[in-house]
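>>> Here is my input; please provide its structure:
(one chain, ligands or ions: 2)
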Amino acid sequence: MADSNADLLAGAGGLVTDETQSDHQGRKALLLVRNNEDCSEFIALAETMGINIIERVEQRGRIDPKWFMGQGKLQDVAEELASTSKEHPWNGVDLLLLHTNATPRQLVGVNDVVGIEVWDRVRLLLALFTAHASSVEARTQVRIARLQSDRTVLREVVNQQTTGERAGYGGAGRTAAGSVLANVNRELTALRKRQRKHVKSAAERRRQRKEHAMTVGLAGYTNAGKSSLFRRLSGKEVLVEDRLFSTLESTLGRLESSPRVLLADTIGFIDGLPNATLEAFRATLAEAIECDLLLLLVDVGDSIDEIERKLLTSIRELTERALKANETSIMERIQLVLTKSDTADSKSLDGIHTMISEHGFANPLLISSHTGEGMDDLQASILNTLFGPKRTLYIHHGEPHEMASEAILSRVYDAVYVHKHTIFEQGIEVRISASDETISILESNHGKRIELK
Ligand SMILES: Nc1nc2c(ncn2[C@@H]2O[C@H](COP(=O)(O)OP(=O)(O)OP(=O)(O)O)[C@@H](O)[C@H]2O)c(=O)[nH]1
Ligand SMILES: [Mg+2]
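Ligands and ions are numbered 1, 2, ... in the order given. Now for the predicted structure:
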């Protein structure tokens, strides 16, 4: 690889610059795979961006620490790529996809041999995030994640130059890679500073909100149906698409039927995203994780093995993120919600229930945001968890010298969740959701004026 910036950037799989291509629609790519691995999720990620995988090149054996494939095989690929005629199916291929989370050494090594852009799974995800990021918040997060990842590749190049493994030193003893690395570091510092400010004010807003409302977070694997449920429950229009990572930022809305409850839609989880990359999305995830109740969504339309894999990934990511945010009791606040019930038959649902209970999850709720199945139960369950069971309270009118019933009603409104109240001649009937504890406090404050029906 020549020591020019352009090549360096290609070696890094395209270092982010303002000119970095973010539209990959129609690009042709080869997929390199070791052994008989299942690549369906990887392919779905590429297809989400409109990348056309022309061929899967497979090789058995151990992953090579420098070239991922065996060196000979990789050279064959490089030669065939370099000599394609117009009719050759590989004609126009300008992207090589490695079905792995590659080391910086492998990314640089493969690029050196083939000379075209090389992405591993992480770079594929980062390119996807870049293409889907629309808000300032999401763009900053994605750029931080990409720069961090590019930095590891640049460090590898600098390292190879320092040890003399590759040429690179110019007259002043400073390498092109070295100065790009310095620029990346500078930009990262500036972006992190901006992000810290944003995180701080978001945390403050969250704290203020929590004083006035209960919050419900929606979490789950990417494409699990989070935004669809959010839309159904809040009536707020958010992006719903059959593609991975449609949502990259967090959106808040109110439960339409109970405006005191806030809902947070957020970015989904995926297998095998390195911690450093996920860390960039910490602030976004915090909206959903720092909540009073967390709905963990699981798509039942998948095969049982996929459902289990996605469930375990989500749990792992959630507990890890929550630990970092000092939210130690996350598991106690999780309610499992099985989504897209319209896509599964009762036999597969039985299997899913068994698998889920083996992982210790009791009473999952089954819903469909498309048909509306299970929505009433879900809403009742949310209110029950946040405020207590639904019941009817009666406020009897008192003597003229006693506290007015309306004043007691106002205290009831402050203390519990009120669905509605009706004024009668003898008193006020109030439909509430409240715990036994809160009811006994009300009873001890207002004696016989309050009666639980
Ligand atoms: N059949 C069926 N499809 C659903 C249901 N809920 C969501 N979907 C579909 O599943 C796909 C993903 O839905 P989203 O709501 O965007 O999922 P998400 O979890 O927000 O996805 P990301 O933000 O991309 O991680 C869309 O094509 C939805 O129409 C459902 O109840 N039934
Ligand atoms: Mg979404």
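>>> and the residue lying closest to Pro104 once chain neighbours are set aside, what does it touch?
Nearest residue to Pro104, sequence neighbours excluded (C-beta to C-beta, 6 or more residues apart in numbering): Glu156, at 3.8 Å. Backbone N, C-alpha and C define where each C-beta goes, glycine included. Taking C-beta atoms under 8 Å, 6 or more residues apart in numbering, we find Glu156 in contact with 104-105, 107-108.
>>> Can you show me the helices along the stretch 151-300 of the chain?
176-212, 226-234, 275-279, 282-289 (DSSP state H, counting those that start in this stretch).
>>> Let me see the mean pLDDT of the first one.
Spelled out, it's helix 176-212. Mean pLDDT, helix 176-212: 88.
>>> Then stretch 262-280?
On average, stretch 262-280 scores 86.
>>> is it up against ligand 2 anywhere?
No: Stretch 262-280 does not reach ligand 2 (C-beta under 5 Å from the ion); its nearest approach is 6.2 Å.
>>> now swap in stretch 232-242 and tell me
No: judged by C-beta under 5 Å from the ion, stretch 232-242 and ligand 2 are separated, with a smallest distance of 6.5 Å.
>>> in whatever helix or strand Glu137 lives in, what's buried?
Following DSSP states H and E, one finds Glu137 within helix 136-162. Residues 137-138, 140-154, 156-158, 160-161 are the ones in helix 136-162 that count as buried (16 or more other C-beta atoms under 10 Å).
>>> do stretch 414-424 as well
In stretch 414-424, counting by 16+ other C-beta under 10 Å, buried: 415-418, 421.
>>> ok, which pair from the residues you listed is furthest apart?
Pairwise distances across the buried residues of stretch 414-424 (C-beta to C-beta) peak at 13.5 Å, for the pair Ala415 and His421.
>>> want to throw the helices of the stretch 151-300 of the chain into JSON lines with mean neighbour count?
Formatted as JSON lines, those follow (neighbours: other C-beta atoms under 10 Å):
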{"stretch": "helix 176-212", "mean neighbour count": "14"}
{"stretch": "helix 226-234", "mean neighbour count": "23"}
{"stretch": "helix 275-279", "mean neighbour count": "16"}
{"stretch": "helix 282-289", "mean neighbour count": "22"}
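>>> Dump those helices into a markdown table; add distance to Ser303 as well.
Below are the helices of the stretch 151-300 of the chain laid out as a markdown table (distance: least, C-beta to C-beta, whole Å):
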| stretch | distance to Ser303 |
| --- | --- |
| helix 176-212 | 37 |
| helix 226-234 | 20 |
| helix 275-279 | 25 |
| helix 282-289 | 26 |
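>>> JSON lines please, covering those and showing distance to ligand 1.
Shown next, in JSON lines, are these (distance: least, C-beta to the nearest ligand atom, whole Å):
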{"stretch": "helix 176-212", "distance to ligand 1": "19"}
{"stretch": "helix 226-234", "distance to ligand 1": "3"}
{"stretch": "helix 275-279", "distance to ligand 1": "14"}
{"stretch": "helix 282-289", "distance to ligand 1": "11"}
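>>> With that, I have no additional questions.
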